[in-house]
Structures are given as structure tokens and as C-alpha cells.
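Asker: this one's sequence-less:
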């Protein structure tokens, strides 16, 4: 009898196992590959040297005038709208896919820089320098302090332009001067008058100030309309200067200068190379007449071949509308050559954290300072092909 119950129990156990639904097999975790980034748009009509490539990093701005980067975001001033925009490349494909308004309310902003210690964004607009801070990290500036006010200006084009922080921690500011060819100034017995008054002392200078705007001083003078300043790895200061707008005659006044403290660079008495006995300093480079050298950077990165390290790049805003490479040849002579050509209105340059050269191209309309709604401005990205 005991054997019968043992056999019956085994039979039920066997039938139960056979008829029960087995648990589903454990699937190996599936790894979803990241969405591949789209290939950046290549600009076939813009010419760069062999071994380089130019792509569109962002299209759709309105008259960008200046660029700055904190390594994560690109900050851009817009001349007509008075905005400061923050562009972000969220997936690292070389294209900015996020655009937000960081700050607004500026009058014709033409310069931007980042204070190295605090990360504050400094903006140069008509007659004024402001410091911006995003205190809660939401991508919008919630502090806006006027650092310097009542700077001299003639108009939106001859005003305080580019700004940069030097290795000494101070803020450097370029200041425009009244024009000569439009008879805005009267020269007599080495006196310079504007609107029947002496030209203000700060006109046509490079100023230097503490980050809080105090202790302003003239670092160098004798410029017509200096636009951008940049320091090299040794701490030397360079600046671009815009010459007369006339398109005839020899090249005069469209310059790249090596800036020495206390130096006089000649304007309004001299343009271009001054007489040897003038007591003023000659430019490193005379660019073509009315080419309007604006944006300036010193290339210190490793993405380009080594021969480009320490070179300067200059945005020529007017004819011939290109980016020039400036360097010293084997004999030590300063020279320049085309680097990027067939641009529209290149106005500022930046070397990004990735070592690429970024170009702000205004793509202006009928006038220099008028946006073209059918042709939005572009940020280009130039890289060496590896």
C-alpha cells in the first residue's frame, strides 16, 4: 500500500511539471546605441587651405559682432537686437544645437569677454561696459552690473569696441576716434578738435581698467578705430585698427599693431607707416585699403598643424572679406596671407576649447549694420583634417 502512494505522488509530480508554463528565459540586456550625430554642413564655396575643412557650426543669428567661450558654451553678441545669446553643442558633433538668450537690452554691443577668475560675462556696448552673472545656473543672466559708463563714442561704429582680459587680470578696452575723411575733426597746430571742442582724451585709445571698472588709464593711444585686442602666450598685446573708408590710394590705416604701454600709434596725424622722426610707432602689418581688420585671435591650440601655433588670425570685414593668417617668416619679417576666403562679412574670431577656429560672419544686408532676413548670419568652424 505504501508503494502505491509513492508511485501516485511521483506521477502527479511528473504531470505537474510537464503541464506548468515555464518561466520565460532571461533576455540579455539590450544596449541601445546613441543616435548618431548628423554630419556638419560643409561650405563648398568658401575656400580654406589644403588639409582644412570649414563647416557650419550655427546658422540663424542676426548680425553677430563678438564671440567668447567658457569651454562649454559660446556667447555671441548681436548688434541690431542688442541680445547676448548662448549657443551649446549638446552632442559634441561640432554643431551648436541649442540657442538661448543669455541677456538683452544692450545698445549696439560689439565686444564680449569672460573674466577668468569669476566667469562673469563682460559686454561692451555703446558707451558702456557691463558685467553679467548667472547665479542660479539656469542659462540666463540674473545679475547685470554697469562696470564703466559714459565712454566716448561718435556713433555705433566708432565707439568702445572689443574687450579682453590680460594676463595681469585687467580689462583692456578699445576706443574709437572721430573720422578724418568725413571732416569730423579739425587739425591745427597739432591740436585736434571735434565739434569745436578738444577731442576727448580717451578717443582713439586702448584703455586698461580693473575688473570692477576702477583705475581706468590710457594704455596706448594714436588709433583711428581699434576693434579687437588679443594676447599671445608671452603676454604680448596685439590690436587691429580700421583705416579710412576711402578705397583709393595706398594702404593706410588698416593695421595690425603690436601694442606697447605708453605707445603712440600716430592717428590722426599719421596713417600707416609714419615718418621715422615722428615719435610714433609703425604697424606690424598694413592690410589692403578699406579692408577693415576687426576680429583677432592668437592661435595657441593643437588642433591645427604645429606651424600655426602662435600665428595670429585677423577677420577682414570689408573688401576683400576674408580671414588672414599673420606670422613671422624665417627672417623674422611679419607677413600675412589668405587663410579663409569668399566670406560675407567676417567680423570676429575665436579659438574654441576643441582647437577649432570659429568665425562670426555677419551676412549683412544693404548696409553694413543691417541684417539680411533672407540670409541669416553664420558661425563657421574651421578644423584641420586629421
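Answerer: That came through, no problem. Keep in mind that what you see is a predicted model, and the values were worked out from it rather than measured. Numbers count the residues shown, from 1 in each chain.

Asker: CA atoms for contacts and neighbours, from now on please.
Answerer: Will do.

Asker: isn't residue 132 right next to residue 142, touching?
Answerer: Yes: assessed by Cα atoms under 8 Å, residue 132 is found in contact with residue 142 at 7.5 Å.

Asker: More neighbours: the two, which one.
Answerer: Each of residue 132 and residue 142 has its neighbours counted (other Cα atoms under 10 Å); residue 132 has more, 21 against 14.

Asker: List the contacts of that one.
Answerer: Listed by Cα atoms under 8 Å, 6 or more residues apart in numbering, the contact set of residue 132 reads 120-123, 141-145.

Asker: Closest to residue 187 out of these?
Answerer: Ranked by distance to residue 187 (Cα to Cα), those are led by residue 123 at 33.2 Å.

Asker: list the contacts for the closest one?
Answerer: With Cα under 8 Å, 6+ apart, residue 123 has these contacts: 109-113, 129-132.

Asker: Including pLDDT and distance to residue 61, could those go into a markdown table?
Answerer: Formatted as a markdown table, the contacts of residue 123 follow (pLDDT from 0 to 100; distance: Cα to Cα, whole Å):
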| residue | pLDDT | distance to residue 61 |
| --- | --- | --- |
| 109 | 98 | 14 |
| 110 | 97 | 15 |
| 111 | 98 | 16 |
| 112 | 98 | 16 |
| 113 | 98 | 19 |
| 129 | 98 | 22 |
| 130 | 98 | 22 |
| 131 | 98 | 22 |
| 132 | 98 | 21 |
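
Asker: Between all of those residues, which two are separated the most?
Answerer: Maximum distance among the contacts of residue 123 (Cα to Cα): 15.3 Å, for 110 and 132.

Asker: can you pull out the strands in the stretch 51-200 of the chain?
Answerer: Assigned strands in the stretch 51-200 of the chain, in chain order: 52-61, 64-69, 73-78, 84-88, 98-103, 111-114, 121-125, 128-133, 143-148, 160-165, 171-175, 185-188, 191-194, 197-198 (criterion: DSSP state E, counting those that start in this stretch).

Asker: out of those, nearest to residue 337?
Answerer: Closest approach to residue 337 among the strands of the stretch 51-200 of the chain is made by strand 52-61 (15.4 Å; Cα to Cα).

Asker: one step back: ranking the strands of the stretch 51-200 of the chain by mean neighbour count, which comes first?
Answerer: Neighbour counts (mean count of other Cα atoms under 10 Å) averaged over each of the strands of the stretch 51-200 of the chain peak at strand 160-165, with a mean of 28.

Asker: Tell me which other helices or strands that one touches.
Answerer: If contacts are counted by 3 or more Cα pairs under 8 Å, 6 or more residues apart in numbering; DSSP states H and E, strand 160-165 sits against strand 111-114, strand 121-125, strand 171-175, strand 226-231.

Asker: Let me see the residues that make contact with stretch 157-164.
Answerer: Here stretch 157-164 makes contact (Cα under 8 Å, 6+ apart) with 66, 109-114, 124-128, 151-153, 171-178, 225-230.

Asker: Swap in 7 Å and give it another go.
Answerer: Identification of contacts with stretch 157-164 by Cα atoms under 7 Å, 6 or more residues apart in numbering yields 110-113, 124-127, 152-153, 171-178, 225, 227-230.

Asker: Any idea what the residue most central in space within the chain is bridged to?
Answerer: In the chain, the residue lying closest to the centroid (Cα atoms, centre = their mean) is residue 67, at 2.7 Å. Listed by DSSP bridges, the beta-bridge partners for residue 67 are residue 76.

Asker: How about residue 164?
Answerer: Counting by DSSP bridges, residue 164 forms beta bridges with residue 172.

Asker: From residue 71, how far out is residue 232?
Answerer: Separation of residue 232 from residue 71 (Cα to Cα, to the nearest Å) stands at 19 Å.

Asker: swap that for residue 201, sorry
Answerer: Taken as Cα to Cα, the span from residue 201 to residue 71 is 37 Å.

Asker: One more: residue 331?
Answerer: Distance, residue 331 to residue 71, by Cα to Cα: 36 Å.

Asker: What is the least confident helix or strand in this structure?
Answerer: Within the chain, no helix or strand scores below helix 2-19, which has a mean of 36 by mean pLDDT, DSSP states H and E.

Asker: Closest to residue 362 out of the contacts of residue 123?
Answerer: The closest of those to residue 362 turns out to be residue 110 (Cα to Cα; 12.1 Å).

Asker: I figured that closest one hits residue 66, correct?
Answerer: Yes: using Cα atoms under 7 Å, residue 110 makes contact with residue 66 at a distance of 5.9 Å.

Asker: which residues are in contact with both of those two?
Answerer: Common contacts of residue 110 and residue 66 (Cα under 7 Å, 6+ apart): residue 77.

Asker: what packs against the host helix or strand of residue 294?
Answerer: Using DSSP states H and E, residue 294 maps to strand 293-298. Packing contacts for strand 293-298, counted by 3 or more Cα pairs under 7 Å, 6 or more residues apart in numbering; DSSP states H and E, involve strand 226-231, strand 237-241, strand 312-316, strand 346-351.

Asker: Report the buried residues of it.
Answerer: Burial within strand 293-298, assessed by neighbour count using 16 or more other Cα atoms under 10 Å, is assigned to 293-298.

Asker: if we can go back for a sec, need the strands of the stretch 51-200 of the chain in JSON lines with distance to residue 257, can you?
Answerer: Formatted as JSON lines, the strands of the stretch 51-200 of the chain follow (distance: least, Cα to Cα, whole Å):
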{"stretch": "strand 52-61", "distance to residue 257": "28"}
{"stretch": "strand 64-69", "distance to residue 257": "20"}
{"stretch": "strand 73-78", "distance to residue 257": "25"}
{"stretch": "strand 84-88", "distance to residue 257": "29"}
{"stretch": "strand 98-103", "distance to residue 257": "32"}
{"stretch": "strand 111-114", "distance to residue 257": "19"}
{"stretch": "strand 121-125", "distance to residue 257": "21"}
{"stretch": "strand 128-133", "distance to residue 257": "24"}
{"stretch": "strand 143-148", "distance to residue 257": "25"}
{"stretch": "strand 160-165", "distance to residue 257": "15"}
{"stretch": "strand 171-175", "distance to residue 257": "13"}
{"stretch": "strand 185-188", "distance to residue 257": "23"}
{"stretch": "strand 191-194", "distance to residue 257": "23"}
{"stretch": "strand 197-198", "distance to residue 257": "26"}
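
Asker: All good on my end, thank you.
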